[in-house]
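Peer 1: What follows is a predicted structure for the sequence shown.
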Amino acid sequence: LTLKIPRSGVNAPWTDVSGARLVDNRVQVSLEGDGAASFAARDLASDPVILAELITYYARVASARADIGEGTLAVLRSGEF
């Protein structure tokens, strides 16, 4: 699985994602090797804080990445991320 941000050309494997945080109105994704990528929070979610936490969850829990997509709704509903 990869994290793709088309506007910035980022195409990073999840193993390179170490977390995310909200900076102003952008979600900043931390990548291994001191790299970073960002995108406007409004592009993908109505709640950018939850989006940043969700990216961080998938960065920490490799076994959950296989469920990205349909399984993400279950993770969001559970609140356990």
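Peer 2: Thanks, I have the structure now.
Peer 1: From now on I want contacts and neighbour counts done on CA atoms only, so please keep to that.
Peer 2: OK.
Peer 1: Spatially, what comes nearest to residue 65 if we skip its sequence neighbours?
Peer 2: Excluding its sequence neighbours, the residue lying closest to residue 65 (CA to CA, 6 or more residues apart in numbering) is residue 58, at 5.9 Å.
Peer 1: tell me what the one helix or strand the one you found maps to is packed against?
Peer 2: Secondary structure from DSSP states H and E places residue 58 in helix 48-60. If you count contacts as 3 or more CA pairs under 8 Å, 6 or more residues apart in numbering; DSSP states H and E, helix 48-60 packs onto strand 17-23, strand 26-31.
Peer 1: if I look at residue 56, how far off is residue 6?
Peer 2: The span separating residue 56 from residue 6 equals 20 Å under the rule CA to CA, to the nearest Å.
Peer 1: Also residue 17?
Peer 2: Residue 17 is 16 Å from residue 6, where distance means CA to CA.
Peer 1: do the same with residue 50
Peer 2: In terms of CA to CA, residue 50 sits 21 Å off from residue 6.
Peer 1: Next, give phi and psi for residue 4.
Peer 2: Note on residue 4: its backbone torsions stand at phi -110, psi 130 [degrees, to the nearest 10].
Peer 1: contacting residues around it?
Peer 2: By CA atoms under 8 Å, 6 or more residues apart in numbering, residue 4 lies in contact with 10-12.
Peer 1: Just among those, which is most surrounded?
Peer 2: Greatest neighbour count in the contacts of residue 4, by other CA atoms under 10 Å, goes to residue 12: 16 neighbours.
Peer 1: For it, identify the helix or strand it belongs to.
Peer 2: strand 10-13.
Peer 1: Okay, now the sheet partners of that strand, with direction.
Peer 2: strand 2-5 (antiparallel) (DSSP bridges).
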